[in-house]
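Colleague: model the structure of this input:
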Amino acid sequence: MIVEFGENFPFYFTETTDMLWFLLGLIALILGAELLVRGASKLAMALGISPLVVGLTVVAFGTSSPELAVSVQSAWAGQVDIALGNVVGSNIFNVLFILGLSALITPLVVDRQLIRQEVPLMVGASLLLWALAANQSIGRLEGLLLVGLLAAYTIYVIRASRRQTAADRQEAAAPPVVAEKSWDSHWSIQVALILAGLTLLVLGSNWLVEAAVAFARALGVSELVIGLTLIAAGTSLPEVATSIMAALRGERDIAVGNVVGSNIFNILGVLGVSAAIAPTSLTVAPSLLAFDLPVMVAVALACLPIFFTGHLIARWEGGLFFAYYLIYTLYLILMARQHDALAQFGWIMGSFVLPLTFATLAILAGRHWWHRHG
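Modeller: Residues are numbered from 1 along each chain as shown. Below is the predicted model:
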């Protein structure tokens with residue numbers, strides 16, 4: 001029996017294969033997120049570290065490992081637009097999409113430490129990246145500076161958490177909390193769960209990114225736009241799965257801390273390592289400097305009034321974040337295609353939507369401060 005295939009068979013075969021890898025990656029992400037959250041939350045209790053700090057360090061750095069792998073590989077191969085676009089796009093995606101979607105599922109309680117320390121640090125790191133990129137180049141020394149700041153921050157936050165936990169127990173005059181015995185109560189099993197979860201997250205994100213890039217390149221989209229959208233969203237899918245799973249499991253500190261910690265790690269760690277090992281300085285595209293970096297800084301700044309008002313990300317605020325990510329993506333698509341509606345769309349956003357949003361957030365923050373101190 002002879003089977004004849006049409007001339008389009010290779011295309012259909014490739015399309016089917018990409019879809020299969022996409023589905024396998026999605027399954028790996030969901031399972032990996034469940035294992036990572038379970039292992040990290042149990043290990044936090046055993047080590048005397050708060051779930052928030054675990055979310056800011058172990059979970060955040062672990063779920064950002066796909067960004068690290070993609071950006072380092074891209075920087076080494078000379079695909080600078082993908083390396084930089086991945087970091088900037090991931091930070092925008094983390095706040096607008098992940099926090100927005102998580103808050104739509106369940107309102108997220110924001111720990112006071114995030115407002116006092118981590119969110120200002122995220123804003124500061126974003127402003128530092130914008131300043132370093134002002135000359136359209138990020139060199140090796142600047143990369144080493146970012147990595148050094150990340151190391152100092154990580155050591156500080158872990159030591160501070162352990163001191164605070166010990167002080168709280170001493171003040172309460174209570175013995176350390178002993179968790180109920182279960183199959184995952186031993187530290188070795190918890191570490192194994194974290195490693196297995198991270199492995200599945202990295203594999204799943206790689207499969208998803210490869211499939212997404214194949215589809216994008218078939219449509220003739222530039223590397224910068226691919227980095228800002230598909231690769232940024234693909235490498236951030238571990239954060240999506242982890243934060244949503246953590247929110248559903250009631251680990252809201254991990255859900256929020258994962259996003260803020262990932263953004264800090266993306267700038268200081270991912271971009272820092274990429275710039276430190278790249279053969280040449282990372283060249284910053286003019287469009288990235290003029291539009292996407294300011295958007296990243298604005299998104300980080302928007303967290304301050306939203307987190308400050310009631311220490312809660314309400315559903316409507318989550319919806320606002322989510323809507324803005326859709327608007328941002330639509331703008332990138334229009335810009336990539338040089339659509340006729342681009343100018344009108346930008347004028348509407350700059351003249352009405354953005355000013356109204358920031359005015360609303362400022363009024364809400366002012367009212368909250370007045371009721372609290374008035």
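
Colleague: distance of N135 relative to F291?
Modeller: 17 Å (C-beta to C-beta, to the nearest Å). C-beta coordinates here come from the backbone N, C-alpha and C atoms, glycine included.

Colleague: for stretch 186-206, buried residues please.
Modeller: For stretch 186-206, burial by neighbour count (16 or more other C-beta atoms under 10 Å) applies to 189-190, 193-194, 197-198, 200-206.

Colleague: same question, stretch 249-268
Modeller: For stretch 249-268, by 16+ other C-beta under 10 Å, it's 251-268.

Colleague: ditto for stretch 55-64
Modeller: So for stretch 55-64, counting by 16+ other C-beta under 10 Å, buried means 55-64.

Colleague: between these, which sits nearest L24?
Modeller: T63 (18.6 Å; C-beta to C-beta).

Colleague: ok, and the closest non-adjacent residue to that closest one?
Modeller: If the residues on either side of it in the chain are set aside, T63 comes closest to P238, at 3.9 Å by C-beta to C-beta, 6 or more residues apart in numbering.

Colleague: ranges for the helices of the stretch 51-200 of the chain?
Modeller: 51-54, 60-63, 65-76, 80-93, 100-105, 112-113, 119-132, 140-172, 187-218 (DSSP state H, counting those that start in this stretch).

Colleague: give me the element the closest residue in space to S222 that isn't next to it in sequence is part of.
Modeller: Sequence neighbours aside, A336 is the residue nearest to S222 in space, at 6.5 Å (criterion: C-beta to C-beta, 6+ apart). Using DSSP states H and E, A336 sits within helix 315-337.

Colleague: on that earlier part again, neighbour-wise, which of N135 and F291 wins?
Modeller: Taking neighbours as other C-beta atoms under 10 Å, N135 and F291 compare with F291 leading, 18 against 11.

Colleague: nearest to G100 among the buried residues of stretch 186-206?
Modeller: Checking those one by one against G100 (C-beta to C-beta), the nearest turns out to be S205, at 20.0 Å.

Colleague: please report the distance of that closest one from S188.
Modeller: 26 Å.

Colleague: please apply the same query to A323.
Modeller: 45 Å.

Colleague: same question for I264.
Modeller: I264 is 29 Å from S188, by C-beta to C-beta.

Colleague: which residues does V87 contact?
Modeller: Shown in contact with V87 (C-beta atoms under 8 Å, 6 or more residues apart in numbering): 67, 71, 266-267, 270-271, 274.

Colleague: no no, S262
Modeller: Contacts of S262 (C-beta under 8 Å, 6+ apart): 60-61, 63-64, 90, 94, 236, 239.

Colleague: residues contacting G318?
Modeller: Neighbours of G318 in contact, by C-beta under 8 Å, 6+ apart: 99-104, 107-108.

Colleague: one step back: tilt between the helix holding A336 and helix 80-93?
Modeller: 160 degrees (axes from the mean of the first three to the mean of the last three C-alpha atoms, to 10 degrees).

Colleague: quick check, pLDDT for the closest residue to L96 other than its chain neighbours.
Modeller: Leaving aside its sequence neighbours, L96 sits nearest to Y325 (C-beta to C-beta, 6+ apart; 3.6 Å). With respect to pLDDT, Y325 has a value of 89.

Colleague: give me the number of residues near Y325?
Modeller: Neighbour number of Y325 under other C-beta under 10 Å is 21.

Colleague: tell me the one of the contacts of G318 nearest T16?
Modeller: Using C-beta to C-beta, those come closest to T16 at L101, 28.7 Å.

Colleague: identify the residue spatially nearest to that closest one, adjacent ones excluded.
Modeller: F322 is the one closest to L101 (C-beta to C-beta, 6+ apart), at 5.9 Å.

Colleague: quick one: that neighbour and S262, what's the gap?
Modeller: F322 is 18 Å from S262, by C-beta to C-beta.

Colleague: sorry, back to before: flag every buried residue along the helix holding A336.
Modeller: 317-318, 320-322, 324-325, 328-329, 331-332, 334-336.

Colleague: so G319 sits against L99, correct?
Modeller: No - counting by C-beta atoms under 8 Å, G319 does not reach L99; the two are 11.1 Å apart.

Colleague: pLDDT below threshold where in the stretch 251-374 of the chain?
Modeller: Residue ranges of the stretch 251-374 of the chain with pLDDT under 70: 308-310, 337, 339, 341-342, 345-374.

Colleague: where exactly do the strands run in it?
Modeller: Ranges of strands in the stretch 251-374 of the chain, per DSSP state E, counting those that start in this stretch, are 282-283, 312-313.

Colleague: adding distance to S50, write these out as TSV.
Modeller: As requested, the strands of the stretch 251-374 of the chain are exported to TSV (distance: least, C-beta to C-beta, whole Å):
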stretch	distance to S50
strand 282-283	35
strand 312-313	19
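
Colleague: I'd like these laid out as JSON lines, including mean neighbour count and distance to L43.
Modeller: Listed next are these as JSON lines, based on neighbours: other C-beta atoms under 10 Å; distance: least, C-beta to C-beta, whole Å:
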{"stretch": "strand 282-283", "mean neighbour count": "19", "distance to L43": "35"}
{"stretch": "strand 312-313", "mean neighbour count": "22", "distance to L43": "26"}
